[in-house]
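> structure for this input, please:
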Amino acid sequence: MTFNNKVIWITGASSGIGKSLAITLSNENCKLILSARRKAELEKVKALCKQPENIAVLTLDLAETETHASIAGDAISLFGKIDILINNGGISQRSPIIDTDIAVDRKLMEVDYLGTVALSKALLPHFVANKTGHYVVVSSLMGKFSSPLRSAYCGAKHALHGFFDALRLEHSADNIKVTIICPGFVNTDVARNALTSDGSKQGYQDHMTESGLDVEVFVKRMLKAIKNEKYEAYIGKFEILGVYVKRISIKLLHKLVLRSKVR
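Next up is the predicted model:
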């Protein structure tokens, strides 16, 4: 698969991975739709991209699922079709379970899981009618195994795997692809923007995130996985070993995660 002549819709495109995806893909012969809540920030990203005439900005709040059907229609009308939806938008969390208000768990599910599911379902009839389409879901290694202080985030990301594995099975005959990307630590503002126990932002970077993969390096590997139509791709440094350790022994993984003191 190539990106040639494709229309690619990216959520969470105002910063971090989404921003880097937009800038990198603007070098390809494709058209881009950039979505996030902040239009001004999306316009800044568009200004950094090549071929701005091939880029459209479309505001979207993942938590407002009742708007997704209408917004999906607007997205299709921009260039006449959608070939790839990159579900990148979302938020993280850093707080102990015992201290975390249930509203925080609900917020993570509404944005990271239900928002992504609602948007994908809104676009599904278009993919089925065209007998082609590719969902790319930015999950996390936390969608494969868990770590302390990320309970709501882990729950939402695990849920994404269950839903999109089912979608892949149900629509294989419609030539609809699903690629789930599982990042490890990537040096973005995800930790700064993570919600704490009362729903406020953490506001600072943590050491492991700061020492993670450079976002441009991550995006290059991610785009390679999309081109190869991988079912899942684990992208990071040493932390990706957790996926394979879990297959051998959950108890061993438990001990290794505790020993790592990742917080």
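> tell me what Val138 is bridged to.
Legend: beta-bridge partners of Val138 under DSSP bridges are Ile181.
> give me the neighbour count for it.
Close neighbours of Val138, defined as other CB atoms under 10 Å, add up to 27. Every C-beta, even on glycine, is put in place using the N, C-alpha and C of the backbone.
> list phi and psi for the residue nearest to Met142 when sequence neighbours are not counted.
In space, and not counting its chain neighbours, Met142 is closest to Cys154: 4.6 Å by CB to CB, 6 or more residues apart in numbering. Main-chain torsions, Cys154, degrees, to the nearest 10: phi -60, psi -40.
> residue boundaries of the strands in this structure?
For the chain, the strands defined by DSSP state E cover 7-11, 31-35, 55-57, 84-87, 133-138, 176-183, 232-235.
> now the last one: average pLDDT?
Averaged over strand 232-235, pLDDT sits at 98.
> can I get it in PDB, CA atoms only?
What follows is strand 232-235, C-alpha atoms only, in PDB (Å, rounded to 0.1, in the frame of the first residue of the first chain):
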ATOM      1  CA  GLU A 232      -0.500  -4.400  15.300                       C
ATOM      2  CA  ALA A 233       2.800  -2.600  15.600                       C
ATOM      3  CA  TYR A 234       4.800  -2.100  18.900                       C
ATOM      4  CA  ILE A 235       7.000   1.000  18.600                       C
END
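> for that strand, buried residues please.
If you call a residue buried by 16 or more other CB atoms under 10 Å, then strand 232-235 has these buried ones: 232-235.
> which of those lies closest to Thr100?
The shortest gap between Thr100 and any of the buried residues of strand 232-235 belongs to Tyr234, at 26.8 Å (CB to CB).
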